[in-house]
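**Q** Starting from these lines, generate the structure:
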Amino acid sequence: MAAAATLLAEPARAKVLVALADGRALPASLLATEAGVSAQTISAHLRKLLDGGLLTVETSGRHRYYRLAGPEVAAAVEAVARIARPEPIKSLKQSTRAAALREARTCYDHVAGRLGVALLEGLVRREALLRTDGCSGAARRPDDPLAQQLPDGPYELGPAAPEIFGELGVDLSTGSPSRRLLRFCVDWSEQKHHLAGRLGASLANALFDREWITRRPRHRAIDLTPAGRAALTDLKLLAEGN
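**A** Alright, predicted model coming up:
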């Protein structure tokens, strides 16, 4: 634990991990810009993160692309962000960016923030997912750790799952069988559950493919498009005003 914490403790490396927390693979040149360091310095940091098991790298032609080693690394970054003292907001740009992250963002490869929680609540409301603990919606249980992926999320597929996920373009049978279909995180900004796991990733991909959500350049925040808001409202997955 101390070795992993040491890797997280250096500011430039922390910025690299945050930049990769949406699950994408990025080149060293872009990561150097994100971290505010030189190409030579970022190479040294990336090597330490690779050796420490926090990153993986893939080669495409002459280029090398880096990504987090898995969702557990993203969960660790989210957890540290949750307990860290926030930097004071000194500009409108910073304030706007912080608000955008709370509204909708990627958590590794699934949707988080207010939008992610609202989608989970909509799936429960439509009985695509069922709570198995007697609670309602996406409410966090008292013992759920903040900003972490849950080992035992209190949900199961509901009777309307094939219909609802089919309407969303999500095939429940696709994806790597080695990854659990249903996983859930406690959202650090909303302190409620959002959908993760293979199903969460498939849902996010479907929303991106339909351009119901879009990525912001060099930013973990995502935007719900007018078409996406209308479609998800029609499917009764978003309540009016969400």
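**Q** can you give me the helices in this protein?
**A** Using DSSP state H, the helices of the chain run over 2-9, 11-19, 28-35, 39-51, 71-83, 92-103, 113-125, 161-167, 197-209, 226-234.
**Q** now those in CSV, with mean neighbour count?
**A** Heads up, the C-betas are built off the backbone N, CA and C, glycines and all. Listed next are those as CSV, based on neighbours: other CB atoms under 10 Å:
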stretch, mean neighbour count
helix 2-9, 12
helix 11-19, 19
helix 28-35, 18
helix 39-51, 15
helix 71-83, 19
helix 92-103, 13
helix 113-125, 23
helix 161-167, 16
helix 197-209, 21
helix 226-234, 14
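**Q** Mind telling me which of those helices the model trusts least?
**A** Among those, helix 92-103 carries the lowest mean pLDDT, at a mean of 64.
**Q** Out of the helices of the chain, which gets nearest to Glu190?
**A** Nearest to Glu190 among these is helix 113-125 (4.6 Å), distances taken as CB to CB.
**Q** just how off-centre is that closest one within its chain?
**A** 14 Å (CA atoms, centre = their mean, to the nearest Å).
**Q** Other residues contacting it?
**A** Helix 113-125 is contacted by residues 101-105, 107, 110-111, 129-131, 136-138, 155, 158, 164, 184, 187, 189-190, 192-195, 203, 213, 222, 224, 232, 235-239, 242 when judged by CB atoms under 8 Å, 6 or more residues apart in numbering.
**Q** Next, the angle helix 226-234 makes with it.
**A** 30 degrees (axes from the mean of the first three to the mean of the last three CA atoms, to 10 degrees).
**Q** and the residue sitting nearest the centre point of the chain, what does it touch?
**A** The centroid of the chain falls nearest to Cys107 when counting by CA atoms, centre = their mean (1.1 Å). Each residue near Cys107 by CB under 8 Å, 6+ apart is listed here: 21-22, 74, 78, 116, 185, 187, 194, 196.
**Q** so how far is Ala206 from it?
**A** 17 Å (CB to CB, to the nearest Å).
**Q** same thing with His219?
**A** 21 Å.
**Q** repeat for Pro145
**A** 29 Å.
**Q** the domain parsing of this protein - what is it?
**A** As assigned by automatic domain parsing, the chain contains the domains 2-69, 93-234.
**Q** quick check, distance from the last one to the centre of its chain.
**A** Shown here is domain 93-234, whose average C-alpha point lies 9 Å from the average C-alpha point of the whole chain (CA atoms, centre = their mean).
**Q** what sits against Arg24?
**A** Shown in contact with Arg24 (CB under 8 Å, 6+ apart): Arg67.
**Q** Check the spacing between the residue lying farthest from the centre of the chain and Ala160 real quick.
**A** Relative to the centre of the chain, and counting by CA atoms, centre = their mean, the farthest-placed residue is Gln40 at 29.5 Å. Going from Gln40 to Ala160 by CB to CB gives 55 Å.
**Q** what does Glu121 give?
**A** To Ala160, Glu121 is 14 Å away according to CB to CB.
**Q** go on, Leu203?
**A** 15 Å.
**Q** What count of nearby residues applies to Asp133?
**A** Close neighbours of Asp133, defined as other CB atoms under 10 Å, add up to 11.
**Q** pretty sure it contacts Ala139?
**A** No. Using CB atoms under 8 Å, Asp133 is not in contact with Ala139; the gap is 9.6 Å.
**Q** Kindly tell me how buried Tyr65 is, as a neighbour count.
**A** Residues lying near Tyr65 (other CB under 10 Å) number 16.
**Q** so who does it touch?
**A** Counted by CB under 8 Å, 6+ apart, Tyr65 has contacts 25-27, 57-59.
**Q** partners of it in the sheet?
**A** Pro27, Glu58 (DSSP bridges).
**Q** re earlier: name the nearest of the contacts of Cys107 relative to Leu150.
**A** Cys185 (6.8 Å).
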